[in-house]
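[1] just the structure for this:
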Amino acid sequence: MNISPPRTDTDPPAAPPEWTIDVGSEPVGEGVYYFADVKRAGQVMFRIGLGGVTEEAKARSLLAAKARAWIDEFLIREQQSGASSQGD
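    Numbering: from 1, shown residues only. Prediction:
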């Protein structure tokens with residue numbers, strides 16, 4: 001599943017198209033634990049999870065929002081790291 005649809009109102013887009021998530025779930029006690037493997041060009045970059053949500057659609061939405069926030073921070077750090085290493 002793509003993290004976010006193509007957008008033209010931001011620069012750069014919140015989640016570039018090479019970022020995807022694979023959502024899964026497992027029973028925990030009497031509830032369900034939802035998780036998402038967040039991938040960049042097919043390589044797993046990290047896993048996020050949440051519990052206490054009973055509807056899969058809601059879990060997917062919350063996981064996608066958490067992933068977008070993490071990706072935004074990661075891309076900023078990556079860009080800053082690249083800019084600082086080019087100045088050396």
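[2] next, the contact list for the residue positioned nearest the centre of the chain, please.
    Closest residue to the average C-alpha location of the chain: residue 67 at 2.2 Å, with CA atoms, centre = their mean. Contact partners of residue 67, counting by CB atoms under 8 Å, 6 or more residues apart in numbering, are 3, 15, 19, 21, 36, 38, 48. Using the backbone N, CA and C atoms, a C-beta is placed for each residue, glycine as well.
[3] could you dump those residues to CSV with neighbour count and secondary structure?
    Shown next, in CSV, are these (neighbours: other CB atoms under 10 Å; DSSP: H, G, I helix; E, B strand; the rest coil):
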residue, neighbour count, secondary structure
3, 23, coil
15, 25, coil
19, 22, strand
21, 23, strand
36, 25, strand
38, 23, strand
48, 18, strand
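[4] ok, residue 53 - contacts?
    32, 34, 59, 62.
[5] of these, which belong to helices?
    Using DSSP state H, the members of the contacts of residue 53 that fall within helices are 59, 62.
[6] that older thread, what is the nearest of the contacts of residue 67 to residue 27?
    The shortest approach to residue 27 among the contacts of residue 67 belongs to residue 36, at 17.0 Å (CB to CB).
[7] let's have the contacts of residue 53 in a markdown table, adding pLDDT.
    Formatted as a markdown table, the contacts of residue 53 follow (pLDDT from 0 to 100):
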| residue | pLDDT |
| --- | --- |
| 32 | 95 |
| 34 | 97 |
| 59 | 96 |
| 62 | 94 |
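[8] partners of residue 38 in the sheet?
    residue 21, residue 46 (DSSP bridges).
[9] my guess is it meets residue 70, correct?
    Yes. Between residue 38 and residue 70 there is a contact under CB atoms under 8 Å: 7.0 Å.
[10] give the residues shared as contacts by these two.
    46, 48.
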